[in-house]
Each structure stands twice: as structure tokens, then as C-alpha cells.
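Engineer: need a 3D model of the sequence below.
(one chain, ligands or ions: 1)
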Amino acid sequence: MAIHQFDASEAARLEKHYAIPVIVEQRRRTLEALGASVGERILDVGSGPGFLTADIAGIVGSGGRVCAVDTAEPMLKAGRRRCASFPMVEFQRADARKLPYPDASFDAAVAAQVYLFIPELDAALAELRRVLRPGGRAIVLDTDWGSTVWNSRDPARMARVLESWKQRYGNAHIGRVLPGALRRAGFAIEGAEPVVIVELAATEEDYGGGQLKEVAKYIASQQGEIAAEAQAWKDEQLTLEASGDYFFSLNRYLFVARRPA
Ligand SMILES: C[S@@+](CC[C@H](N)C(=O)[O-])C[C@H]1O[C@@H](n2cnc3c(N)ncnc32)[C@H](O)[C@@H]1O
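Structural biologist: Predicted structure coming up:
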């Protein structure tokens, strides 16, 4: 099954979705782990709408440099718009598996919610290590969809829905394999922490609430019997919310890694 494509409508959706409180908090923690300072050269892999890119630019200042790469033109467009007032930011269309920079170009790099979409994780991490200077640090944040707890009175259907949804990602269980993959790529891991989402409501301001429509749309577009379950599954979630029984939880994992000096 095809991995999710980031087209213009997805770029517009993420512009709104990335302003919800849990994502703002996730960004704050990612930025804190990155620990950027004035004058540094930083790479943002899979920069999307450029929220994190702009935050980093504000820290490194005019003597620093922020390079942002993404494979999707609509995302790059959104990022360029967001960072228009930061001359030290440069966006390029490029793949995380083949970064357009010489060896040892950066003091630090961040990849938030990107490797999840890349089945060739080892190739992407080898590139990440290559472009970091010796002693440079990498912050990798990703979701492990195997950590999902989503209440349902029909757990078997819930499990089928989730199994189908995971096909949207090249690497739905990436959280658990990242430590080994980072080490194999030659990184030393200095920290790992969960970024946990727990929600009791399903509004558009909630992560799970925002995903309800996306999950239902994706499931409905799939082959086989699962497609017919999408509407009933979504209706049940809204019923659970109305009765006060809604529960959604998901873990992201934030790794701090370093290319040994
Ligand atoms: C979920 S968004 C995350 C955006 C951003 N890092 C953030 O956290 O706000 C994933 C982004 O990764 C990009 N992407 C997916 N596969 C990629 C690849 N192989 N190389 C570079 N970017 C990729 C997508 O186009 C999309 O913009």
C-alpha cells in the first residue's frame, strides 16, 4: 500500500493542525532537546510547514544557518512563507535518503515525524550522520503507532482499523527500532524520552479528534472489507465522546543522539 503523500491539501491541513496545543508542546520539547545556540548551522530534515525551522532560526540568529529539506513542494512553499523574514534559512527540495550537503556541514540536525514515512531508515540515518560534524548532535522524534490506546466497544474492529491505518506509514513502529538503527548508523544515544498524548475529547483542537476524519478517509479508500468499516468506526468514536467515554493515547519518542567526536 502507498505511503502517505504530502500534497497541497495536506499542507493546508497541517498548517492548522500543527498549531494545536499538543503539537506546540511537542515542538517546545524538541527545541529544548536540540539546545541550539547563536551562530550554529542546523539542518531540519522533513521540515513540513516550517514551524520548527522558524523557531530554530530565531535562536541561531543572523550569524547562523538553518537548512530545511523536504520532498513535498507544497510543504516547502508553506515553510518558505513562514520563514520569509529569516534570511539565514534556506529551503531545498531533497530526500532525507540523499541529502544535498557535503560531509560534516552541520553542528546539529533535527528530524521530527519524518523517518516514520521512510522505509529505508538505515539509509536516511547514514545520511544524517554523514552531514553532521564529528561531535554534532541529532534530535529524532517519531511516533510508534503500536503504542495507540483508542477506546472502542468493538476492540476487534478498532484493531483492524489501526492495522489498516499503519499502512499509511513506511515505518509505523519506528519508535522501538530507532535506538538500534541510530547505533548501527554510528550514533551514540544520549537520551530517550516519551512524548505522550492523552486525550479525553475529540475536538479539532485535539490530536486524535483531528485524526478521526483522516483515519476514516484513509480506511474508506482501502481495498477489501475494511473500507466498509470506516463510517461505523468514526460514528462510534463520536458516540463515545458524547457519552463521556472517549479516550485516545499515543506515544512519540524523542531521541538525542551524537556523532562521536
Ligand atoms: C508529518 S510532517 C512533519 C513536519 C515537520 N518535521 C514538523 O514536525 O513540523 C512530515 C514531513 O516529512 C516530509 N517527508 C516525507 N518523506 C520524506 C523524505 N524521504 N525526505 C524528506 N522529507 C520527507 C513530508 O513531505 C512532510 O513535510
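Engineer: and the closest residue to the ligand within the stretch 101-250 of the chain, what does it touch?
Structural biologist: At 3.5 Å from the ligand, residue 112 is the closest residue in the stretch 101-250 of the chain, using C-beta to the nearest ligand atom. No exception for glycine: its C-beta is placed from N, CA and C like everyone else's. Each residue near residue 112 by C-beta atoms under 8 Å, 6 or more residues apart in numbering is listed here: 26-27, 30, 46, 52, 139-142.
Engineer: restrict those residues to those near the ligand?
Structural biologist: Filtering those for proximity to the ligand by C-beta under 6 Å from any ligand atom leaves 46, 52.
Engineer: what's the closest non-adjacent residue to the residue in the stretch 1-150 of the chain positioned nearest to the ligand?
Structural biologist: Residue of the stretch 1-150 of the chain nearest the ligand, by C-beta to the nearest ligand atom: residue 48 (2.5 Å). Nearest residue to residue 48, sequence neighbours excluded (C-beta to C-beta, 6 or more residues apart in numbering): residue 75, at 5.1 Å.
Engineer: quick one: the one you found is in a helix?
Structural biologist: Yes. When classified by DSSP: H, G, I helix; E, B strand; the rest coil, residue 75 is found to be part of a helix.
Engineer: returning to that earlier point: taking the contacts of residue 112 one by one, which sit in helices?
Structural biologist: The helices, defined by DSSP state H, take in 26-27, 30, 52 from those.
Engineer: what residues are bridge-paired with the spatially closest residue to residue 92 that is not a sequence neighbour?
Structural biologist: Leaving aside its chain neighbours, residue 92 sits nearest to residue 69 (5.2 Å; criterion: C-beta to C-beta, 6+ apart). Taking DSSP bridges as the rule, residue 69 bridges to residue 45, residue 92.
Engineer: next: residue 196.
Structural biologist: Residues in beta-bridge contact with residue 196 (DSSP bridges): residue 251.
Engineer: helices or strands up against the longest strand seen in the chain?
Structural biologist: Looking across the chain with DSSP state E, the single longest strand is strand 132-150. When contacts are defined as 3 or more C-beta pairs under 8 Å, 6 or more residues apart in numbering; DSSP states H and E, strand 132-150 packs onto helix 21-34, strand 106-112, helix 155-166, helix 174-184, strand 248-258.
Engineer: any idea which of the ones you listed is most buried?
Structural biologist: Among the helices and strands packed on strand 132-150, ranked by average contacts under mean count of other C-beta atoms under 10 Å, first place goes to strand 106-112 (a mean of 24).
Engineer: state the mean pLDDT of stretch 85-103.
Structural biologist: The average pLDDT within stretch 85-103 is 98.
Engineer: so how far is it off the chain centroid?
Structural biologist: For stretch 85-103, the distance from its own C-alpha centre to the chain's C-alpha centre is 18 Å (C-alpha atoms, centre = their mean, to the nearest Å).
Engineer: start and end of it, how far apart?
Structural biologist: The first and last residues of stretch 85-103 sit 28 Å apart, counting by C-alpha to C-alpha, to the nearest Å.
Engineer: can you redo the helices and strands packed on strand 132-150 as TSV with mean pLDDT?
Structural biologist: Formatted as TSV, the helices and strands packed on strand 132-150 follow (pLDDT from 0 to 100):
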stretch	mean pLDDT
helix 21-34	96
strand 106-112	98
helix 155-166	96
helix 174-184	98
strand 248-258	98
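Engineer: reformat these as a markdown table; add distance to residue 63.
Structural biologist: Shown next, in a markdown table, are the helices and strands packed on strand 132-150 (distance: least, C-beta to C-beta, whole Å):
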| stretch | distance to residue 63 |
| --- | --- |
| helix 21-34 | 17 |
| strand 106-112 | 12 |
| helix 155-166 | 43 |
| helix 174-184 | 30 |
| strand 248-258 | 23 |
